[in-house]
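1. Only the shape, not the letters, is given here:
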């Protein structure tokens, strides 16, 4: 089983693009997503 994200774009207030066209497939296992402050890592995990 895997998780697939295709063409994810997240914008705030229709002006600021936080994540732009992200494509990723994550296979079974344990993973962590790390990024600098403001890099958009949290937005990818929880886009709403």
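-> Great, that's in hand. Keep in mind that what you see is a predicted model, and the values were worked out from it rather than measured.

2. list the buried ones in stretch 33-48?
-> Buried residues in stretch 33-48, defined by neighbour count with 16 or more other C-beta atoms under 10 Å: 40, 43-44. Using the backbone N, CA and C atoms, a C-beta is placed for each residue, glycine as well.

3. ranges for the strands of this protein?
-> Counting by DSSP state E, the chain forms strands over residues 3-12, 16-26, given from the N-terminal end onward.

4. returning to what we had before: in terms of distance to residue 32, which of the buried residues of stretch 33-48 ranks first?
-> Nearest to residue 32 out of the buried residues of stretch 33-48 is residue 44 (C-beta to C-beta; 12.4 Å).

5. quick revisit: could you list which of the buried residues of stretch 33-48 belong to helices?
-> The helices in this structure, assigned by DSSP state H, contain 43-44 from these.

6. From the centroid of the protein, which residue is nearest?
-> residue 44 (2.1 Å; C-alpha atoms, centre = their mean).

7. That one touches residue 22, doesn't it?
-> Yes - the pair residue 44 and residue 22 qualifies as a contact (C-beta atoms under 8 Å) at a distance of 6.2 Å.

8. tell me, what's touching these two both at once?
-> Counting by C-beta atoms under 8 Å, 6 or more residues apart in numbering, the common neighbours of residue 44 and residue 22 are 5, 8.

9. With pLDDT and distance to residue 8 as extra columns, can I get the buried residues of stretch 33-48 in JSON lines?
-> Shown next, in JSON lines, are the buried residues of stretch 33-48 (pLDDT from 0 to 100; distance: C-beta to C-beta, whole Å):
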{"residue": "40", "pLDDT": "72", "distance to residue 8": "10"}
{"residue": "43", "pLDDT": "72", "distance to residue 8": "9"}
{"residue": "44", "pLDDT": "71", "distance to residue 8": "7"}
